[in-house]
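Colleague: sequence below, structure please.
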Amino acid sequence: MDVQRIVIIPGNGCTSTSSLFNANWYGWLHSELNKIDNVECILKLMPDPVVARESIWLPYMHDELLCDENTIILGHSSGAEAAMRYAEKYQVKGIIVVSPCVTDLGMANEAASGYYNHPWLWDQMKSNTKFITVIGSSDDPFIPWAEMQQVIDNLQPECHQFDDKGHFQHSQVPEILEAVKTRLS
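Modeller: The predicted model follows:
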């Protein structure tokens, strides 16, 4: 049986390996997924971790993390935008995006990332993936539900909507693990 690669792309702000593995659910999910037979989960410190520039993250995902047509990319927050932009350009097995958005929300740091200054290529994302899953919560204090709804309306993904998970900044989120498990084959 082939090994299923899953690459976790974190949100911006993880500036050290220690902070990365202790931020939100990233380290916990990495550990849980690597306990599953024939699963290899990758979680690495991203370059340019504060601004999370598209021009830096996407080449890193391609050249260093080796995201390809056999990879599931799981992105959270800024990592969700990176996953979506990556799927516009490259074939991947699928993307699972947690708390995605489509605008810079009026924040200078988000605007500087480059994800929001050109049109979203929804059809490219759909044609370059076998599946797309969106996970979001209506009580997210950073991403208004209307932003996530635009992603849902344009991609018609499998959707996991909650009203009590905020920005998914908990140390463990079993619902994300279960969503990933449904995509393992």
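Colleague: for this structure, what helix or strand is lowest in average pLDDT?
Modeller: The least trusted helix or strand in the chain, going by mean pLDDT, DSSP states H and E, turns out to be helix 17-22, with a mean of 91.
Colleague: buried residues in that helix, which are they?
Modeller: For helix 17-22, burial by neighbour count (16 or more other CB atoms under 10 Å) applies to L20, F21. Any C-beta I mention is one placed from the backbone N, CA and C, and that applies to glycine too.
Colleague: OK, contacts around the most centrally placed residue in the chain?
Modeller: Geometric centre of the chain, nearest residue: G75, 1.0 Å, by CA atoms, centre = their mean. By CB atoms under 8 Å, 6 or more residues apart in numbering, the contact list for G75 reads I8, I9, E81, A82, A83, M84, I95, I96, V97, V98, P100.
Colleague: again, but for Q169
Modeller: Q169 neighbours (CB under 8 Å, 6+ apart): N24.
Colleague: same deal with C14?
Modeller: Contact analysis of C14 by CB under 8 Å, 6+ apart lists L20, A23, Y26, L45, M46, P49.
Colleague: ok, of those residues, which one's closest to N34?
Modeller: The closest of the contacts of C14 to N34 turns out to be Y26 (CB to CB; 12.5 Å).
Colleague: ok, the closest one - contacts?
Modeller: Applying CB under 8 Å, 6+ apart to Y26 gives the contacts I8, P10, C14, L20, L43, H76.
Colleague: what's in contact with stretch 121-138?
Modeller: Applying CB under 8 Å, 6+ apart, the contact partners of stretch 121-138 are 84, 87-100, 143, 145, 148, 151-152, 154-168, 175-176, 179, 183.
Colleague: let's see which of these end up in strands.
Modeller: Per DSSP state E, strands hold the following members of the contacts of stretch 121-138: G94, I95, I96, V97, V98, E158, C159, H160, Q161, F162.
Colleague: would you map the helices across the chain?
Modeller: Listed from the start of the chain, the chain has helices (DSSP state H) covering 17-22, 26-34, 54-63, 78-89, 108-112, 122-127, 145-155, 174-181.
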